[in-house]
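Asks: coordinates for the following, if possible.
(one chain, ligands or ions: 2)
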Amino acid sequence: MILLSLTLSSNNHHLLPFSSVCCHRRRHTTTLFAPPRHWNNNNNSNHSFVKQTTTKDITAYDNVRFLCSPPPPLLAVPVSLSQRVSRFVVPRGIPVDDLLYNGGATLGVLGGAYALVSAFDDLTERNILNQGLSRKLVHIMSGLLFLVSWPIFSNSTEARYFAAFVPFVNFLRLLVNGLSLASDEGLVKSVTREGDPKELLRGPLYYVLMLMLCALVFWRESPIGVVSLSMMCGGDGVADILGRRFGSMKIPYNKNKSWAGSISMLVFGFLVSIGMLYYYSIIGLIQLDWVNVVPRIALVSLVATIVESLPITKVVDDNISVPLATMAVASFTFSH
Ligand SMILES: C/C(=C\COP(=O)(O)O)CCC[C@H](C)CCC[C@H](C)CCCC(C)C
Ligand SMILES: Nc1ccn([C@@H]2O[C@H](COP(=O)(O)OP(=O)(O)O)[C@@H](O)[C@H]2O)c(=O)n1
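Replies: Residues are numbered from 1 along each chain as shown. Ligands and ions are numbered 1, 2, ... in the order given. This next block holds a predicted model:
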């Protein structure tokens, strides 16, 4: 019998900066998600929960001598650079080395976004990919690669804003081109179905808004953002590709969707969610109690798939309904 309860504590040095839910099995407490203690410097989180069964504390970084502070989870800035620049503190107390580090990470990810779209534009131009497949591959890869890039940013509280700046710039790019205030042919060709710039103001715009929302609201402190984007990108994206290809058997209540597409969304959404959470766990950002997490991800994937299959696309775009439904169900299941 699993007794579900939340235990709050404020003084335990095992405080987890992440919000995590403890599922009590009699006297033992298992933590669904836990980060390394020092991964998040702001231990003043008042949503921390005590981790009582000390599974292997993540020491992935204990023995890595960080040459700057706050150290980013994956990279360390040479101490000489850190010493040189950290004498200056920008307004509001953001250390310059953190500003420089995260600013560099933002520029790098922005460059990656531009390169991705340009690459698919080139493949479409050379008729290696048709426009529809190009769009779907950009849909799948953009968000997943954005998730893959999150650990590059530092562990400062401002890091999420630097990460969210990337989809924000792409939001502006889509808006300007969608309103024909600019004409980026490559963007239009690789991201629209028919080549109409106005298409940029729907699916793609909602898509980058969801990327921003997940980075700002959930960030690396919760699996909810990771799973929501995995379902929107890995699930919905694959549903389109396989549904168009193999979707002869249509869903009774929505003749525009097929069993093949929905089953693809369920399977790939689930696998990509697990895979992305596993990625975050092996680089030491979270610990997962897989026995409890996998069934929850399966439930979330099923609900997101059902929502995606509903004939509501004309009212609410999939790039809104799928992530929002995932956030709602994941928020509920991960807190019970
Ligand atoms: C084609 C896209 C959405 C349309 O979806 P749907 O209507 O077919 O369901 C995706 C648009 C992607 C956007 C132009 C670029 C977004 C880049 C992202 C913010 C950052 C990627 C970083 C990474 C390192 C490549
Ligand atoms: N569950 C699904 C989803 C998409 N599809 C196929 O993929 C096409 C595009 O799906 P969609 O309307 O969700 O496209 P987006 O809004 O995701 O761009 C549909 O017209 C179907 O041919 C499917 O067969 N089953």
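Asks: contacting residues for the residue of the stretch 151-300 of the chain found nearest ligand 1?
Replies: Proximity of the stretch 151-300 of the chain to ligand 1 (C-beta to the nearest ligand atom) peaks at G203, 2.1 Å away. Glycine gets a C-beta too; all of them are placed from N, C-alpha and C. G203 is in contact with H139, D317, D318, N319, counting by C-beta atoms under 8 Å, 6 or more residues apart in numbering.
Asks: quick check: the farthest pair among those?
Replies: H139 and D317 (12.0 Å; C-beta to C-beta).
Asks: residue numbers of this protein in contact with ligand 1?
Replies: 109, 112-113, 116-117, 135, 138-139, 142, 145-146, 149, 166-167, 170, 191, 203-204, 207-208, 211, 318-319 (C-beta under 6 Å from any ligand atom).
Asks: repeat that for 5 Å
Replies: 109, 112-113, 116, 135, 138-139, 142, 145-146, 166-167, 170, 191, 203-204, 207 (C-beta under 5 Å from any ligand atom).
Asks: what subset of those is buried?
Replies: 109, 112-113, 116, 135, 138-139, 142, 146, 166-167, 170, 191, 203-204, 207 (16 or more other C-beta atoms under 10 Å).
Asks: now, among those, which is nearest to ligand 2?
Replies: So of those, ranked by how close each gets to ligand 2 (C-beta to the nearest ligand atom), first place is G203, at 5.5 Å.
Asks: how far away is that closest one from R126?
Replies: Per C-beta to C-beta, to the nearest Å, G203 is found 24 Å from R126.
Asks: with adjacent residues omitted, what lies nearest to whichever residue of the stretch 1-150 of the chain sits closest to ligand 1?
Replies: Using C-beta to the nearest ligand atom, the single residue of the stretch 1-150 of the chain nearest to ligand 1 is G112, 3.2 Å away. Among residues not flanking G112 along the chain, L145 sits closest, at 6.6 Å (C-beta to C-beta, 6 or more residues apart in numbering).
Asks: residue in the stretch 101-250 of the chain nearest to ligand 2?
Replies: G243 (2.3 Å).
Asks: local confidence estimate at that residue?
Replies: pLDDT, G243: 97.
Asks: same thing with N177?
Replies: At N177, pLDDT is 97.
Asks: mind listing the helices for this protein?
Replies: 79-85, 96-125, 131-149, 159-178, 185-191, 203-213, 223-229, 236-246, 259-282, 290-309, 318-333 (DSSP state H).
Asks: would you confirm that D98 contacts N155?
Replies: No - with contact defined as C-beta atoms under 8 Å, D98 does not reach N155; the gap is 9.2 Å.
Asks: and D318, how far is that from E308?
Replies: D318 is 6 Å from E308, by C-beta to C-beta.
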